[in-house]
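Engineer: predicted coordinates and the sequence they were generated for:
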Amino acid sequence: MTNPSKPIIVGISGASGIILGVRLLDILATLGIESHLVMTRSAQVTLAHETDLKVSDIRARASVVHQVDDIGASISSGSFPTAGMIVAPCSIRSMSEIASGVTSSLLTRAADVVLKERRRLVLLVRETPLHLGHLRTMAELTEMGAVVMPPVPAFYIRPRSIDEIVDHTLSRALDLFGIDAGISRRWTGSKMDVAAKPADRDE
């Protein structure tokens, strides 16, 4: 796997699990990959509930920050080259807007652009349980070329912290872009050394 030279758009919606988007920005920065952040107003509310971070702390992690109502931003046009977009976490509302093509914010507009340009779109949809409407929308998005990737923990790595669960999820999401983040253990067969410690982060 090799890291792309093109930027990756990071969308953060108001669903629970905002740490996914925050950590993703940190990983991209460590890998030297340019990130373009667009964060909804609902995400700012979730940030206050789930962390002690401020909006400015999140924006400081991104290479470029776009306002959610700036429909004229670079990422609103297919002529701006990107490797694609990860929405982490992705709310049901954002998912539904993307599927319909009727977008009301820069986050969903940017996702729509990624789809129309046949670039990689990964949606970490954070909702459970799912009703039939949700499932049908996910099927529609899959048919359109998106990857619907609910952040489901992998317990074979025997995670010892939320951080390890988050890193494994994001490692798998970045795999879809051909990026080896080197932050989590991989399955190597039934004789895998589950006691091995994953790549250390700065502590």
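Structural biologist: Received it, and whenever you're ready, just let me know what you need. Numbering: from 1, shown residues only.
Engineer: okay, now residue 178: neighbour count?
Structural biologist: Neighbouring residues of residue 178 were enumerated by other CB atoms under 10 Å; the total is 12. For every residue, glycine as well, the C-beta is placed using N, CA and C.
Engineer: residue 145 now?
Structural biologist: Close neighbours of residue 145, defined as other CB under 10 Å, add up to 14.
Engineer: for it, phi and psi?
Structural biologist: Dihedral pair for residue 145: phi 110, psi 0, per degrees, to the nearest 10.
Engineer: now the one 3 residues further on
Structural biologist: The main-chain torsion angles of residue 148 are listed as degrees, to the nearest 10 and equal phi -90, psi 120.
Engineer: residue 141 is in contact with that one, correct?
Structural biologist: Yes: under the criterion of CB atoms under 8 Å, residue 148 makes contact with residue 141 at 5.8 Å.
Engineer: next, show the common contact partners of those two.
Structural biologist: Residues touching both residue 148 and residue 141 (CB atoms under 8 Å, 6 or more residues apart in numbering): 95, 123.
Engineer: check the offset of the helix or strand residue 9 falls within from the chain's centre.
Structural biologist: Counting by DSSP states H and E, the element that carries residue 9 is strand 8-12. Its chain's C-alpha centre and that of strand 8-12 lie 6 Å apart, by CA atoms, centre = their mean, to the nearest Å.
Engineer: what sits up against that strand?
Structural biologist: Contacts for strand 8-12 (CB under 8 Å, 6+ apart): 18, 21-22, 24-25, 28, 33-40, 43, 58, 62, 75, 82-90, 94, 107, 110-111, 114, 177.
Engineer: in this protein, where is pLDDT below threshold?
Structural biologist: Along the chain, the model assigns pLDDT under 70 to residues 1-4, 192-203.
Engineer: do that again at 50, thanks
Structural biologist: Filtered on pLDDT under 50, the chain yields the residue ranges 202-203.
Engineer: isn't residue 50 up against residue 16?
Structural biologist: Yes: under the criterion of CB under 8 Å, residue 50 makes contact with residue 16 at 6.8 Å.
Engineer: need the contact list for the closest residue to residue 28 other than its chain neighbours.
Structural biologist: Leaving aside its sequence neighbours, residue 28 sits nearest to residue 35 (CB to CB, 6 or more residues apart in numbering; 4.5 Å). By CB under 8 Å, 6+ apart, residue 35 lies in contact with 7-10, 24-25, 28-29, 61-64.
Engineer: any quick PyMOL command for the buried ones out of the residues you listed?
Structural biologist: A single PyMOL command selects the buried members of these (16 or more other CB atoms under 10 Å):
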select buried, resi 7+8+9+10+24+25+28+61+62+63
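Engineer: dump the contacts of residue 35 to a markdown table, plus distance to residue 172.
Structural biologist: Output for these, formatted as a markdown table (distance: CB to CB, whole Å):
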| residue | distance to residue 172 |
| --- | --- |
| 7 | 21 |
| 8 | 15 |
| 9 | 18 |
| 10 | 16 |
| 24 | 12 |
| 25 | 17 |
| 28 | 15 |
| 29 | 19 |
| 61 | 21 |
| 62 | 22 |
| 63 | 23 |
| 64 | 25 |
